[in-house]
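Enquirer: Could you work out the structure for the sequence below:
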Amino acid sequence: MRLSTQIKPISYLKAHAAEIVRELGKDGEPLVITQNGEAKAIMQSLAEYERTQETLALLKILALGRKDVQEGKFVPADEFFAKFRAKRNID
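Expert: Numbering: from 1, shown residues only. Next up is the predicted model:
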């Protein structure tokens, strides 16, 4: 993804809002909106936003799991499955 090709001033957004929304839905590329020559906002389709949020949630889960491992808060897989099988046979 190259954001440098997707930069528009806020005046363009105001004049072409419907067209921009249509294009966001087609190609999934985000659009950088500038104000007074500075990047101020990113526009993206709802579907792309949802994918981004799902990715962030998965990354957070991975980071929490890694932290638990570093802190020794885990049970080795073979030990877990041995306990799991033993409990399943009892119930």
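Enquirer: And the strands in this structure?
Expert: 7-9, 31-35, 38-43 (DSSP state E).
Enquirer: Could I get those strands in JSON lines, plus columns for mean neighbour count and mean pLDDT?
Expert: In this view, the C-beta of every residue, glycine as well, is placed from N, C-alpha and C. Below are the strands of the chain laid out as JSON lines (neighbours: other C-beta atoms under 10 Å; pLDDT from 0 to 100):
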{"stretch": "strand 7-9", "mean neighbour count": "14", "mean pLDDT": "95"}
{"stretch": "strand 31-35", "mean neighbour count": "16", "mean pLDDT": "96"}
{"stretch": "strand 38-43", "mean neighbour count": "12", "mean pLDDT": "96"}
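Enquirer: and of these, who's closest to residue 76?
Expert: Proximity to residue 76 (C-beta to C-beta) singles out strand 38-43 among the strands of the chain, at 43.1 Å.
Enquirer: Excluding residues flanking it in the chain, which one is nearest residue 6?
Expert: Take residue 6 and drop its neighbours on the chain: the residue closest to it by C-beta to C-beta, 6 or more residues apart in numbering is residue 31, 5.0 Å away.
Enquirer: residues in contact with the one you found?
Expert: Neighbouring residues of residue 31 by C-beta atoms under 8 Å, 6 or more residues apart in numbering: 6, 7, 8, 20, 23, 24, 42, 43, 44.
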